[in-house]
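1. Predicted model, plus sequence, below.
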Amino acid sequence: MTDVSATAPAYTGPRRILSGIQASGALHLGNYLGALKRFTALQETGAPCFLFVADLHAITVWQDPALLAAQTREIAAAYIASGLDPAKSTIFPQSAVRAHAELAWILNCVARLGWLDRMTQFKEKSGKHKERASVGLYTYPVLQAADILLYKATEVPVGEDQKQHLELTRDIAGKFNTDFNAPGYFPLPEPLIQGPATRVMSLRDGAAKMSKSDPSDQSRINLTDDADTIASKIRKSKTDMGVMPEPGESLDERPEVKNLIAIYAALSDRTREEITAEFAGQGFGAFKPALADLAVSSLAPVTAEMRRLMDDPAEIDRVLRDGAERAAEIADPVIAEVKQIVGFWQA
């Protein structure tokens, strides 16, 4: 793929931030540090934030229809419990705004097959039997592009594993602008990668990302875990036979230790260097209890508020309904304009 930003006319519209979390399975510490905590900080920058629950993305793999709506509410509850204010940020279900699917089809006809063939996440998720994967799993990076471009988002908080998809979005935007002689119509969104724990790893394997699909519940801290469970998981987390590193010491060969330090830094809003200096030379018998106390104190309020909200689904539904209406106010004029640019008949 090419760097379309080098020659493309600049987008001159307003700054907007957009991101989403799939409505599939329980949320964990990685979601909190890598997404939710960052969303809350971005909300305070003053730029309009659009945070959706990605239920269209969720069904690229089988989801139990009886659980999908509940999972959508749980993600919304996590957004609010983490500090997102529905009055400041637009929180909504992706499927409730029809323009997401409409724009995705148009962009499917702009994107090139070779671009999708290079997407590494499809290869990882489909494994050795890609012929059994859904077409949606293959094309979901185009839907992701539609999610972003529908709101003309200029910035997208992403983890390292999503940078490739954002590059695809930039290529699709640039090609649309060129193909339809609409210079600068869609922005070329920039990635926002920040903080010491943008990619939180498993508590059992420092080389694997913390995941809700991991069969071992000990590999992750769920946002619904109680204080005793959180503390126990951290105490039992994998380390090694050494002690805490000295400042400046390489941790490339100690991935589990590196991960725990990053988690401590992110929860405490400090740098990894500060944490390393504080615990240098000490055993994990000193570090792990301190990390456990910090994790419990940080997550307990989030867990309590999530449980309160999930016990009152009507309140969550009100937030989602209001958010969908506000999102549509932005999305509907954009899709109408895109249809006009493409040449579709309109009454």
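-> Structure's in. What do you need?
2. mind checking how far Leu27 is from Val158?
-> From Leu27 over to Val158 the distance is 17 Å, taken as C-beta to C-beta, to the nearest Å. From N, CA and C alone the C-beta is placed, and that goes for glycine too.
3. Neighbour count: those two, which is higher?
-> Applying other C-beta atoms under 10 Å to Leu27 and Val158 shows that Leu27 carries more neighbours, namely 26 against 20.
4. Need the nearest residue in space to that one, chain neighbours excluded.
-> Nearest residue to Leu27, sequence neighbours excluded (C-beta to C-beta, 6 or more residues apart in numbering): Leu223, at 4.6 Å.
5. Do I have it right that the one you found meets Ala77?
-> No. Leu223 lies out of contact with Ala77 (C-beta atoms under 8 Å); the separation is 9.3 Å.
6. for the stretch 51-200 of the chain, what spans make up the helices?
-> Along the stretch 51-200 of the chain, the segments classed as helices by DSSP state H, counting those that start in this stretch run 55-58, 65-81, 99-108, 113-117, 120-126, 135-150, 163-179.
7. Of those, which is nearest Pro247?
-> Pro247 lies closest to helix 163-179 among the helices of the stretch 51-200 of the chain, at 29.1 Å (C-beta to C-beta).
8. what about dumping the CA coordinates of the closest one to PDB?
-> The C-alpha trace of helix 163-179 is given here as PDB (Å, rounded to 0.1, in the frame of the first residue of the first chain):
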ATOM      1  CA  LYS A 163      -2.300  -0.200  12.700                       C
ATOM      2  CA  GLN A 164      -2.400  -2.200   9.500                       C
ATOM      3  CA  HIS A 165      -6.200  -1.800   9.400                       C
ATOM      4  CA  LEU A 166      -5.900   2.000   9.800                       C
ATOM      5  CA  GLU A 167      -3.400   2.100   7.000                       C
ATOM      6  CA  LEU A 168      -6.000   0.300   4.900                       C
ATOM      7  CA  THR A 169      -8.600   2.900   5.900                       C
ATOM      8  CA  ARG A 170      -6.300   5.600   4.700                       C
ATOM      9  CA  ASP A 171      -5.800   3.900   1.400                       C
ATOM     10  CA  ILE A 172      -9.500   3.400   0.900                       C
ATOM     11  CA  ALA A 173     -10.200   7.000   1.700                       C
ATOM     12  CA  GLY A 174      -7.500   8.200  -0.600                       C
ATOM     13  CA  LYS A 175      -8.700   6.000  -3.500                       C
ATOM     14  CA  PHE A 176     -12.300   7.100  -3.000                       C
ATOM     15  CA  ASN A 177     -11.300  10.800  -3.000                       C
ATOM     16  CA  THR A 178      -9.300  10.200  -6.200                       C
ATOM     17  CA  ASP A 179     -11.700   7.800  -8.100                       C
END
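9. For the residue nearest to Leu27, which residues are in contact?
-> When contacts are counted by C-beta atoms under 8 Å, 6 or more residues apart in numbering, Leu223 touches 26-29, 31-32, 78, 81, 299, 302-303, 306.
10. Quick one: buried ones out of those residues?
-> Buried by 16 or more other C-beta atoms under 10 Å: 27-29, 31-32, 78, 81, 299, 302-303, 306, out of those.
11. Where is pLDDT lowest across the contacts of Leu223?
-> Among the contacts of Leu223, Ala26 has the lowest pLDDT, at 79.
12. pretty sure that residue is touching Asp214, no?
-> No. If you go by C-beta under 8 Å, Ala26 and Asp214 don't touch, sitting 11.2 Å apart.
13. Can you give me the neighbour number for the nearest residue to Leu103 once chain neighbours are set aside?
-> Using C-beta to C-beta, 6+ apart and skipping residues adjacent in sequence, the residue nearest Leu103 is Ala146, 4.1 Å away. When neighbours are counted by other C-beta under 10 Å, Ala146 registers 26.
14. re earlier: need phi/psi at the residue nearest to Leu27.
-> Main-chain dihedrals, Leu223, degrees, to the nearest 10: phi -70, psi -10.
15. what packs against the strand or helix carrying Arg318?
-> Assessed by DSSP states H and E, Arg318 sits inside helix 313-342. Secondary-structure packing of helix 313-342 (3 or more C-beta pairs under 8 Å, 6 or more residues apart in numbering; DSSP states H and E): strand 49-54, helix 65-81, strand 89-93, helix 99-108, helix 135-150, helix 284-310.
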